[in-house]
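1. Predicted model and sequence follow; I will ask about them next.
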Amino acid sequence: MYLIRYKRLSQQDLVGVEYIGISKLQASMIIDDAIRNALNRIIPTKASNGRIEEKIWMLEEFIKNKPLLSHLIHHIHIYLAGRISRSNYVGKRSLVYASIVDAKIREFRRDNRLFGENFFKGYREILREIKDDAKKVFKNFNVLRDLFEDQDERKSYANLLLTTIRRNDKYRFVNTLLKAFTEKKDENKSVENLVNFTFSKILSNDLSWKNYAFTFVVGLINKGGEVNGES
């Protein structure tokens, strides 16, 4: 896929042509409205004293085949540190989709589906996998909201978990999360889904565990409802 921009037509010639080539993998994702809209956001990644110093357009980084996770982590870090206001915070839907898309690209390439016998089927499957994981994450958010009702406690855990992600300490992340779950009483056993997600997507996942761990941090930050127009 190519995106083409030109200034004008002159005697059937295009003047001032610019174009961006998009790989089949990226193109197969951004044709989906939900994914494209989620990535089509500009997020601050560096700020001080309430002034934004650096920001990136996630869709552009994605089209250029650049990883997104480090930008997402920086964005959450400056938000938790109070360097940007709530109005500059991108919101859970974009952050979740961006993190899962980033994870699926890593997994897709590792599985050699890019040139395997299921070449075309693989591209169709990856969209379904992204949306299935996103649904699970948003369900996790509801449980987290019920378990951690105090906002200060939520922020404390979000900071702690983000630190373990930045230090690439998967086992400390899992231990911190599971300890918090066991301290919470839940007669409806809703914690079970969180535990299962933690084991399948984080503990047994060496390649993209930080992408899924990141969604827990986002879930703790968001209390529910809409943020910047996102549900």
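-> Perfect, I can see it now.

2. alpha carbons only for contacts and neighbour counts from here, please
-> Fine.

3. Pick out the residue nearest the middle of the protein.
-> Residue closest to the mean C-alpha point of the chain, counted by Cα atoms, centre = their mean, is residue 99 at 2.1 Å.

4. who are the neighbours in contact with it?
-> 68, 69, 72, 211, 212, 214, 215 (Cα atoms under 8 Å, 6 or more residues apart in numbering).

5. try 6 Å this time
-> Residue 99 is in contact with residue 211, counting by Cα atoms under 6 Å, 6 or more residues apart in numbering.

6. how far away is it from residue 73?
-> 10 Å (Cα to Cα, to the nearest Å).

7. What is the subsequent helix or strand relative to the biggest helix by length in the chain?
-> Secondary structure of the chain per DSSP state H: the longest helix is helix 119-147. As assigned by DSSP states H and E, the chain's next helix or strand after helix 119-147 is helix 151-166.

8. can you list contacts of that following helix?
-> By Cα under 6 Å, 6+ apart, helix 151-166 touches 148, 173, 217, 220.

9. now the angle from the following helix or strand past it to helix 119-147?
-> Counting by DSSP H and E, the next helix or strand C-terminal to helix 151-166 is helix 170-183. Orientation of helix 170-183 against helix 119-147 (axes from the mean of the first three to the mean of the last three Cα atoms, to 10 degrees) gives an angle of 40 degrees.

10. distance between the ends of stretch 141-160?
-> First-to-last residue span, stretch 141-160, Cα to Cα: 18 Å.

11. Could you list the alpha-carbon positions for stretch 129-136 in PDB?
-> Extracted in PDB, the C-alpha atoms of stretch 129-136 (Å, rounded to 0.1, in the frame of the first residue of the first chain):
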ATOM      1  CA  GLU A 129      -6.300 -11.800  17.600                       C
ATOM      2  CA  ILE A 130      -5.800  -8.000  18.200                       C
ATOM      3  CA  LYS A 131      -9.500  -7.500  18.900                       C
ATOM      4  CA  ASP A 132      -9.900 -10.600  21.000                       C
ATOM      5  CA  ASP A 133      -7.000  -9.500  23.200                       C
ATOM      6  CA  ALA A 134      -8.400  -6.000  23.400                       C
ATOM      7  CA  LYS A 135     -11.800  -7.300  24.600                       C
ATOM      8  CA  LYS A 136     -10.000  -9.400  27.300                       C
END
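
12. In that stretch, which residues have enough neighbours to count as buried?
-> For stretch 129-136, the neighbour count (16 or more other Cα atoms under 10 Å) marks 130, 131, 133, 134 as buried.
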